[in-house]
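Visitor: Give me the fold of what follows.
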Amino acid sequence: IFLSGRQRNLSVRRRIRAPAMTGCVAGLVLLFVFLLCAPAAARIHPKFSSTLERYLQRQAHKRATTSDVYAWVFFSDKGDHLKEDIEFLTKSPDVFSRRKRDLPQNLRSVYAELSEEAVERRKKSGVSIKVQDFPVHQDYLDEVKNIDGLNIRHVSRWLNAISVRAPLDSLTAAADLPFVERVELLPPAAPKAVDSSPRPHHEKRGIRETCRQQLEQIHAAELIDEGFAGQNISVLICDNGFRLDHIMFSDLEVRGTLNFVTGFGDTNVRNSNPNYNEHGTGTLSMLAGYSSLYGACGAGYKARLWVAATEDSAGEYPAEEDNLVAALEWGERAGVRLVSTSLGYDDWYAWQDFDGVTSPCAKAFNHAWDLGVVLVNSAGNSGARGITTPADAYYVISVGAVDSGNHIGFFSSHGPSADGRIKPELCARGVNTMTADAISVSVPGTGSVKTWSGTVVLSAAAGGGVAALMSKHPDWTNVQVREALLHTGTNPPKDLQGKLQYGYGIANIAAASKYEHKKDEECMTCLISGRCMMGPQGSCPCASSSFYEYDCSVEKIDCVMRCPGGQCRDGLCYCEGTMR
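Guide: Here you go, the predicted model:
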C-alpha cells in the first residue's frame, strides 16, 4: 500500500503520540490513587495552627505514621452562663470591695477559691478578679471528652484551653466543634539524656564558706545578716523530683506539694528514680536550703514553699510545659507572691517564637505577672544560640550564669528575645555552684552537697535573694521589686554585646533593698528608657529606643544588630542557615 507524504507523517505522529497518551492516562490514574490514599496529614483543618500544619506536612513527606500528639485546644469563650457575671465585672471591677453575698453566683465561687494571700496580693497590685479566673465551660469539656481517643491532660482557665494527647482524627473532631477556636500543636521532641554535669563534693570542710560566698556574690548574705530570709513570703518552685527529707530542708516550711507529672492529685514530689530528684533538689537548696551543718545555702530559707513536680526527667516533652502552666495557676490561687523556676524549653520551637507571647508557658507567666506575681527563671544553657522559653516572657527576671569571678559562663544563653528585648535581665553564680545532693540522702535528715554548673541553679539562687528582698519590703508590688533589681545590678555593661550576656549586671540584693522608687510627680527622668514604673499614672513618654509596644521601661534592640546575617521582616529577625 502506497501512502502519500502527508499520510506517512500523520501515521508516524500517531505512532509516537500513542505511548505518550497512554503514559498520561496512567499518570492521572496514579495521581488519583495517590490523592485518594494520601495520609490524612495532607488535609489540613482550617483551625489547625501553622505549627501543626508543618508537623503534618513533614510526617506526610516522610510517609510516617502520625502517632498521638500533644496539643492545646483553645475555646472561643467561657460560655453564655457567665453573661451576668461578666456584666457585673464590667460595671464593678473592684470585686474585693464588695460583700461576697452580693456577687453573682459564679463570681462568688471564683472569689471563694482564692486564698487570703492571693486576694491581698491582687489588692496590693490593683488587680481584681478577671474573666480568665472563671473555669473552662463544663459543657465544652463534656463534649470534648466524648471524642474517641482524646485524653485531656490539663485544663487551663487562664488560656481558656485544654491540654490533650490525641491522634490526628481526634484532633480534627475537636476542631470541628463550633466552640473550638483553634488547635495548636507542640511537636514531640527526642528524649534527652539526664544532665551528668553535677559532681559530688565529699569534703565537708569549706562547704559553709562556699555557700556563704555564693550568697555574698549577689549580696544576699547582707539581708540574711539583717534577719531577712524570705519569711512570710509564699514561693512556688517547679522542677522534676525533690528529696524534701534532705538535711538542708529539715526546717523548711512547705505549705503544699503536687505532682503534675503523675497527676490525679498526687502530692508525692519525690521521683522513684533517684537520679531524677537531682535537678529539683539542687534548685530548691539554692532557693531555700539551710542546715546547722552547712549554714544558709539559699537566701529564702524562711519562706513558705509550694513545691510542684512538673518535669518528666526522661527528656523534654511538650507536656512539661502544660504541667508548668497548671502549676502556675495552682500556685497563684494558693497566694504565692514569687515563682522561681529553673526551666527552659526550646526543642519544639524556632528562635522567632521566643517573643514573649507565643509559647503557652510564656503566656501563663505574663498573666501571673498581671496578677501581681514576681517571676524568676533561668535564661537557658544554649549560649550564643539564644534564650529559651519562658525566659522570653515579658516581665520575667531571666538570669544568666557567671563564675566566682563574675565572668559569663560559656553555656549561659545570650539575648535578646526575638522581639528585641534585653535578655537576660540579671546574672548570678551558675558555674561550679554548690548545691544539695539528692542521691546522698541515705535516711531522712541526712545528705551532702555537690557542685553543679548551669543556669538551672543560678536562677534559684537569685530567687532566694528576691524572697529575702521581698521579706524586707513586704509592701512592694511585683513592679517595684523588678524595678529595684534591674536598676541596682553590679557592674552593669554599657555596650550592647555585654547587655546581651549580662543583662543589667550581677544581681545585688542589698542594693535593691535600698532602692528608692520615684514617685509619679518626680518622674522627670525616665527609668532605663521609658516611663516611670510606679503604675499607669507614670508620666514619662517612651524614648525612641524603648520597647514601647507594651512597656517603655524595656530597652529595644534593633533588628539588624540582634541578628547579623539574618533578614529583618516586620521588625523581627529571621536568621539563615543554622543561626537562630
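
Visitor: Help me confirm that Leu236 is found in a strand?
Guide: Yes - assessed by DSSP: H, G, I helix; E, B strand; the rest coil, Leu236 belongs to a strand.

Visitor: which residues does it bridge with?
Guide: Beta-bridge pairing of Leu236 under DSSP bridges involves Trp306, Val339.

Visitor: Next one: Ile509 from Asp142, what distance?
Guide: 49 Å (C-beta to C-beta, to the nearest Å). Every C-beta, even on glycine, is put in place using the N, C-alpha and C of the backbone.

Visitor: These two: who's more crowded?
Guide: Ile509 (28 against 9; other C-beta atoms under 10 Å).

Visitor: quick one: contacts for that one?
Guide: Applying C-beta atoms under 8 Å, 6 or more residues apart in numbering, we find Ile509 in contact with 218-220, 222-223, 299, 465-466, 468-469.

Visitor: Which members of those are the farthest-apart pair?
Guide: Based on C-beta to C-beta, the longest span within those runs between Glu222 and Val466 and measures 14.3 Å.

Visitor: Compare those two (neighbour count), which wins?
Guide: Val466 (34 against 18).

Visitor: hang on, Ala384 packs against Gly415?
Guide: No - counting by C-beta atoms under 8 Å, Gly415 is not a contact partner of Ala384; they are 10.5 Å apart.

Visitor: neighbour-wise, which of these two wins?
Guide: Neighbour count, other C-beta under 10 Å: between Ala384 and Gly415, Gly415 has more, with 27 against 13.

Visitor: pretty sure that one contacts Cys427?
Guide: No - under the criterion of C-beta under 8 Å, Gly415 is not in contact with Cys427, lying 11.7 Å apart.

Visitor: what's the overlap in contacts for those two?
Guide: With C-beta under 8 Å, 6+ apart as the test, Gly415 and Cys427 both reach Gly503.

Visitor: Which of the contacts of Ile509 sits closest to Tyr349?
Guide: Distances from Tyr349 to the contacts of Ile509, taken by C-beta to C-beta, are shortest for Val466, at 26.8 Å.

Visitor: Just give me the residue right at the centre of this structure.
Guide: In the chain, the centroid-proximal residue (C-alpha atoms, centre = their mean) is Pro390; its distance is 2.7 Å.

Visitor: for it, what are its contacts?
Guide: So Pro390 contacts 324, 341, 343-345, 359, 361-362, 364-365, 377, 396 (C-beta under 8 Å, 6+ apart).

Visitor: residues in contact with the nearest residue to Ile237 once chain neighbours are set aside?
Guide: Closest residue in space to Ile237, ignoring its immediate chain neighbours: Ser340 at 5.3 Å, by C-beta to C-beta, 6 or more residues apart in numbering. Contacts here follow C-beta under 8 Å, 6+ apart; on that basis Ser340 touches 235-237, 283, 287, 376-377, 459-460, 462-464, 466-467.

Visitor: and if you look at Met434?
Guide: 201, 207, 210-211, 214, 297, 449-452.

Visitor: Nearest to Leu159 among those?
Guide: Closest to Leu159, out of all of the contacts of Met434 and judged by C-beta to C-beta, is Trp452, at 33.1 Å.

Visitor: Would you quantify the distance from the closest one to Ile237?
Guide: Noted for Trp452: a distance of 16 Å to Ile237, by C-beta to C-beta.

Visitor: in this structure, which segments are predicted with low confidence?
Guide: Across the chain, the ranges flagged by pLDDT under 70 are 1-43, 63-66, 186-205, 314-319, 455-456, 518-556, 558-580.

Visitor: ok, now with 80
Guide: 1-43, 50-52, 54-67, 185-206, 264, 313-319, 347-348, 452-458, 517-580 (pLDDT under 80).

Visitor: Now stretch 78-90 - C-alpha only, CSV.
Guide: Taking C-alpha atoms only, stretch 78-90 is exported to CSV below (Å, rounded to 0.1, in the frame of the first residue of the first chain):
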residue,chain,number,x,y,z
LYS,A,78,-16.2,30.8,78.6
GLY,A,79,-19.9,30.1,77.9
ASP,A,80,-23.2,32.1,77.9
HIS,A,81,-23.9,31.2,81.5
LEU,A,82,-21.3,33.8,82.6
LYS,A,83,-23.1,36.7,81.0
GLU,A,84,-24.4,38.1,84.2
ASP,A,85,-21.0,37.7,86.0
ILE,A,86,-19.1,39.4,83.2
GLU,A,87,-21.5,42.3,83.0
PHE,A,88,-21.1,42.7,86.8
LEU,A,89,-17.3,42.8,86.4
THR,A,90,-17.5,45.4,83.6
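
Visitor: follow-up on the earlier one: between the contacts of Ser340, which sits nearest Ser92?
Guide: Nearest to Ser92 among these: Leu236, at 30.2 Å, using C-beta to C-beta.

Visitor: Quick check, the closest one in contact with Trp306.
Guide: Yes - applying C-beta under 8 Å, one finds Leu236 in contact with Trp306, separated by 4.6 Å.

Visitor: and the two? which has more neighbours close in?
Guide: Higher neighbour count among Leu236 and Trp306: Leu236, with 28 against 22, using other C-beta under 10 Å.

Visitor: Break down the stretch 151-300 of the chain into its helices, ranges please.
Guide: For the stretch 151-300 of the chain, the helices defined by DSSP state H, counting those that start in this stretch cover 168-176, 207-217, 221-226, 278-288.

Visitor: between the second one and helix 278-288, how big is the angle?
Guide: Yep, that's helix 207-217 we're talking about. For helix 207-217 against helix 278-288, the angle by axes from the mean of the first three to the mean of the last three C-alpha atoms, to 10 degrees is 70 degrees.

Visitor: what does the first one give?
Guide: Our comparison of helix 168-176 with helix 278-288, counting by the same axes, to 10 degrees, yields an angle of 50 degrees.

Visitor: Most neighbours among the contacts of Pro390, which one?
Guide: Going by other C-beta under 10 Å, Asn377 tops those with 32 neighbours.

Visitor: chain center to the helix or strand harbouring that residue, what's the gap?
Guide: Using DSSP states H and E, Asn377 sits in strand 374-378. Distance of strand 374-378 from the chain centroid (C-alpha atoms, centre = their mean, to the nearest Å) equals 9 Å.

Visitor: Neighbouring strands - and their directions - for that strand?
Guide: Counting by DSSP bridges, strand 374-378 is paired with strand 338-341 (parallel), strand 397-402 (parallel).

Visitor: is it possible to export these to a markdown table including distance to Gln59?
Guide: Converted to a markdown table, the strands paired with strand 374-378 look like this (distance: least, C-beta to C-beta, whole Å):
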| stretch | distance to Gln59 |
| --- | --- |
| strand 338-341 | 32 |
| strand 397-402 | 34 |
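
Visitor: Mind checking the ones you listed for the one nearest to Tyr55?
Guide: It's strand 338-341; of the strands paired with strand 374-378, that one is closest to Tyr55 (C-beta to C-beta) at 26.7 Å.

Visitor: and that closest one, C-alpha only, in CSV?
Guide: Below are the C-alpha coordinates for strand 338-341, written out as CSV (Å, rounded to 0.1, in the frame of the first residue of the first chain):
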residue,chain,number,x,y,z
LEU,A,338,7.1,34.7,93.9
VAL,A,339,7.7,32.0,91.3
SER,A,340,11.2,30.6,91.0
THR,A,341,11.8,28.2,88.2
